[in-house]
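Predicted model and sequence follow; I will ask about them next.
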Amino acid sequence: GENVEQHPSTLSVQEGDSAVIKCTYSDSASNYFPWYKQELGKRPQLIIDIRSNVGEKKDQRIAVTLNKTAKHFSLHITETQPEDSAVYFCAATGKLSFGAGTTVTVRA
Amino acid sequence: SQTIHQWPATLVQPVGSPLSLECTVEGTSNPNLYWYRQAAGRGLQLLFYSVGIGQISSEVPQNLSASRPQDRQFILSSKKLLLSDSGFYLCAWKYGQGAGYGYTFGSGTRLTVV
């Protein structure tokens, strides 16, 4: 089955700086790569996704890049704000398999 | 509109008691449905998924079972809960088709086994 690895497990950044989270996957047949944000005690919420026919996608301060050859994808958050503090999960399909999560803390 | 419902929101159960968590979706037919568990401070572990009525795939051998008695209903059960079953249980469904699909989660059930 799909194995997704996510790094780093924790990330602390100064407000206004950028944050980057990286994931690798094992199943070359995976073709959908979503990123979820989970605030304490709440359900994961989709923030951005990318499909295998696209190399990069951007939505305001959030961008995702995908390298299918190397089987890795990354989340980039620019101009971080305190409300970006949360746990972020990457995932990959066939079945939706998740990385272990990255706890992002934005220092004011 | 398409929505996913999950209940109860919180549950405290003694060790050895049974469990039944329910997830239903509205506004769609024949959805792919998933059960995940999230232990405190950890990631999401896929427990079961279902592509149709009566079709259940188990990802991790454990003290839990799942059933899909109706097209839009997915149930997670246990005959005897263990302390290690505590966690945040999330139901998810796959919406859309072709190049426009995605996944969304229910609001979750926080289970504490005491």
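Noted; the coordinates are in hand.

Output the contacting helices and strands for the least confident helix or strand in chain A by mean pLDDT.
When the helices and strands of chain A are compared on mean pLDDT, DSSP states H and E, strand A:97-98 comes out lowest with a mean of 92. Counting contacts by 3 or more CB pairs under 8 Å, 6 or more residues apart in numbering or on different chains; DSSP states H and E, strand A:97-98 packs against strand A:86-92, strand B:44-52. Where you see a C-beta, it was placed from the backbone N, CA and C, and this is true even at glycine.

what element comes up after it heading to the C-terminus?
Under the assignment DSSP states H and E, the closest C-terminal helix or strand after strand A:97-98 is strand A:102-107.

Pull out the buried positions in that next one.
A:Thr102, A:Val104, A:Val106 (16 or more other CB atoms under 10 Å in any protein chain shown).

One more: stretch B:34-53?
B:34-38, B:43-50.

Can you name the two of those residues that sit furthest apart?
Greatest spacing in the buried residues of stretch B:34-53, by CB to CB: B:Gly43 and B:Ser50 (21.4 Å).

related to what we said a few turns ago, out of the buried residues of strand A:102-107, which are close to chain B?
Among those, proximity to chain B is found for none (CB under 8 Å from any CB of the partner chain).

For those, please prepare TSV with the additional fields pLDDT.
TSV is the format used below for those (pLDDT from 0 to 100):
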residue	pLDDT
A:Thr102	97
A:Val104	98
A:Val106	98
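
looking at chain B, which residue lies furthest from center?
B:Ala99 (25.0 Å; CA atoms, centre = their mean).

Chain A contacts on chain B?
B:34, B:36, B:42-44, B:46, B:49, B:59, B:90, B:92, B:94, B:99, B:101-108, B:110.

Could you pull up the contacting residues of B:Pro8?
B:Leu21, B:Thr109 (CB atoms under 8 Å, 6 or more residues apart in numbering or on different chains).

For stretch A:9-17, measure first residue to last.
18 Å (CA to CA, to the nearest Å).

Over to stretch B:58-66?
8 Å.

Buried residues in it, which are they?
Going by 16+ other CB under 10 Å, stretch B:58-66 has these buried residues: B:Glu59, B:Leu64, B:Ala66.

sorry, back to before: what's the lowest-pLDDT member of the buried residues of stretch B:34-53?
Note: of the buried residues of stretch B:34-53, the lowest pLDDT belongs to B:Gly43, at 89.

Excluding chain neighbours, give the residue nearest to that residue in space.
Closest residue in space to B:Gly43, ignoring its immediate chain neighbours: A:Ala100 at 4.2 Å, by CB to CB, 6 or more residues apart in numbering or on different chains.
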